[in-house]
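[1] could you look at this predicted model? Sequence included:
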Amino acid sequence: MVLALEHDWIWDSWYVRDRDLWHGFFLKAPKSLGDPHLRHFNVSYGHATSHDLVTWEHLGTTFQPVEGPAWDDYTTWTGSIVKGPDGLWHLFYTGARKSEEGLYQRIGHATSENLHDWTRVGDGLCLDLVGPTAEHYEADHATSVWHDRAMRDPWVMKDPEGEGWLMFFTARAPGIAEANAGGAIGFATSPDLFEWTLQPPVFTGGYGQLEVPQVFQAGGKWFCLFCTAAEHFSKEQAEATEGGPVTGNHYLMADSPRGPWRIAPGFLDGALPCRRYAGRIVQTDDGMVIMGFADHPDGTTFVGHVMDPEPVELTGDGLLRVVPARQAAE
């Protein structure tokens, strides 16, 4: 079975575990739109639960853009969820406004007691590319360089080296001649999940964008999973990748979540045409698995469901490897 809806496309997803129950959250849009490219600006969040990440119970829509005008009246895109010391669940999400045609992304914050009914904290906005640290980012829309002002896909986690919280997000760095070398992993810190301070990016380079970052620890090392497309490889990275650019999921490596980060050799989980995108590593009692949405595996048709999990292992040299489902079953 897969995480799928009859009348909606599903794409980016993220997961949290509450005792013995997994909660999956995902972007969805109605198939009645006809053109799957229209899904990005007709989006809401779906919510489903599972005991095994395979069989899912759908609970319906859980979050969506606010009635405008507002900073998030056009989109609510990819986010992440953590449980705070206050006992509340905290959602950090991407938003964009209609008056800016969705071109400027910002990061919002909402809370819930039950993981389904969410309340924005104030107007929701918790982080933007403003202030003195914004000079480290492409803080205005560089229309001749890139298609948007990137600030999206927040991944929030407890600081393993301190008392507060860390946020990683998709961004771009300014002043880089090659557009496809300007992708960045943005960074912010908070003492309490409510007040956030923008910090310089923890990584820049390799790709025009590093989407849907997820930072996690395995085998004593730190990994930052991300997804990107073949057309967004820098010239240097394309030449360094055996077999050439592909679309899918890869990762950075470091000894600390603050870096320094480096691009892992090879490419973790990619293909042309793309089989799986916006991957997430989910750490289960039996080990790591990867989940992501089926993109255009035949090269033409957008599938739009979350694929069943496949195991991920650490190799002897400390790299990640996806174990194809057929091998895992043997």
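    Sure thing, it's come through.
[2] would you mind listing where the stretch 201-330 of the chain has pLDDT under the threshold?
    Under the criterion pLDDT under 70, the flagged ranges of the stretch 201-330 of the chain are 326-330.
[3] please enumerate the helices of it.
    Assigned by DSSP state H, counting those that start in this stretch, the helices in the stretch 201-330 of the chain fall at 235-240, 325-328.
[4] mind putting the ones you listed into CSV with mean neighbour count?
    Every C-beta, even on glycine, is put in place using the N, C-alpha and C of the backbone. Formatted as CSV, the helices of the stretch 201-330 of the chain follow (neighbours: other CB atoms under 10 Å):
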stretch, mean neighbour count
helix 235-240, 14
helix 325-328, 11
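[5] need those in JSON lines (columns: distance to S112).
    Shown next, in JSON lines, are the helices of the stretch 201-330 of the chain (distance: least, CB to CB, whole Å):
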{"stretch": "helix 235-240", "distance to S112": "39"}
{"stretch": "helix 325-328", "distance to S112": "33"}
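[6] which of these sits closest to T55?
    Set against T55 and scored by CB to CB, these come closest in helix 325-328, at 16.0 Å.
[7] where's the spatially closest residue to D269 that is not a sequence neighbour relative to S256, distance?
    Excluding the flanking residues, the one nearest D269 by CB to CB, 6 or more residues apart in numbering is N249, at 4.3 Å. To S256, N249 is 22 Å away according to CB to CB, to the nearest Å.
[8] L115 too?
    Taking CB to CB, one finds L115 at 30 Å from S256.
[9] neighbour count for the two, which is higher?
    The neighbour count for L115 versus S256, taken as other CB atoms under 10 Å, is higher for L115 (19 against 13).
[10] does the more buried one touch H47 like I think?
    Yes. Between L115 and H47 there is a contact under CB atoms under 8 Å: 7.4 Å.
[11] which residues touch the residue nearest to D269?
    The contact partners of N249, taken as CB atoms under 8 Å, 6 or more residues apart in numbering, are 225-227, 268-270, 276-279, 290, 292.
[12] hey, where'd the strands end up in the stretch 51-200 of the chain?
    57-63, 75-83, 89-96, 106-112, 119-127, 152-158, 165-172, 183-190, 197-204 (DSSP state E, counting those that start in this stretch).
[13] of all the ones you listed, which lies closest to R39?
    Of the strands of the stretch 51-200 of the chain, nearest to R39 by CB to CB is strand 75-83, at 10.5 Å.
[14] how far off strand 119-127 does the closest one point, in degrees?
    Taking axes from the mean of the first three to the mean of the last three CA atoms, to 10 degrees, one finds strand 75-83 and strand 119-127 inclined to each other by 100 degrees.
[15] distance between strand 75-83 and the chain's centre?
    9 Å (CA atoms, centre = their mean, to the nearest Å).
[16] what sits in contact with each of L115 and H47?
    Counting by CB under 8 Å, 6+ apart, the shared contacts of L115 and H47 are H23.
[17] dump the contacts of N249 to a markdown table, plus distance to G131 and neighbour count.
    Formatted as a markdown table, those follow (distance: CB to CB, whole Å; neighbours: other CB atoms under 10 Å):
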| residue | distance to G131 | neighbour count |
| --- | --- | --- |
| L225 | 28 | 25 |
| F226 | 25 | 28 |
| C227 | 29 | 31 |
| L268 | 35 | 21 |
| D269 | 36 | 23 |
| G270 | 36 | 23 |
| R276 | 37 | 24 |
| Y277 | 33 | 22 |
| A278 | 29 | 25 |
| G279 | 32 | 28 |
| I290 | 36 | 21 |
| G292 | 34 | 26 |
